[in-house]
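Q: this one's sequence-less:
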Ligand SMILES: [Zn+2]
């Protein structure tokens, strides 16, 4: 999924947790940030492979699907296992941090692995290419609607 979907999913879950009284504004902000930042491995892979810090080139490579190995262990079974063990350890130190970290990681992984192969809408924004599937656009709309609705409730 694209960063805006990770951002909106983290924000929506954080907003729900906030409405239920589990999260503060800063907890929601941290959850949302971490949900997006988990894709840093794509960028680090690109920087290491091509020896350039160009975010634009890394973005274009990821979007145009030229980089097949850019998902590191974070996005695979080994990362899933190690993060789960890490979260269990954090749980014994601080329940809230364990919850925030768990939600950020599992939300991100969930939306990365949901089927996302419907017809795509191609466009550029600020010179960055996007190829959003209808499915992802609808998902973004649902998250955005939920966030707006929770803001007014
Ligand atoms: Zn990802």
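A: Alright, I've got the coordinates. What you are looking at is a predicted structure, and each value in this text was computed from that prediction instead of being measured.
Q: what sits up against the lowest-mean-pLDDT helix or strand in the chain?
A: Here the helix or strand of the chain ranked lowest by mean pLDDT, DSSP states H and E is helix 55-63, holding a mean of 83. Applying CB atoms under 8 Å, 6 or more residues apart in numbering, the contact partners of helix 55-63 are 42-43, 46-47, 50, 67, 70, 127-131. In short, each C-beta sits where N, CA and C put it, glycine included.
Q: just those: which has the poorest pLDDT?
A: Scanning the contacts of helix 55-63 for pLDDT, the low point is residue 67. It has 63.
Q: all helices in this structure, in order from the N-terminus.
A: Shown for the chain, the helices assigned by DSSP state H span residues 3-19, 25-37, 40-50, 55-63, 77-93, 95-113, 134-152.
Q: mind listing what's buried in the fifth one?
A: With burial defined by 16 or more other CB atoms under 10 Å, the residues of helix 77-93 counted as buried are 79, 83, 87, 90.
Q: same check on the second one?
A: Neighbour counts over helix 25-37 (16+ other CB under 10 Å) mark 27-28, 30-32, 34-36 as buried.
Q: and this protein, which of its residues are near the ion?
A: Neighbours of the ion within the chain, by CB under 5 Å from the ion: 39, 112.
Q: output the below-cut-off pLDDT ranges for the chain.
A: Residue ranges of the chain with pLDDT under 70: 65-70.
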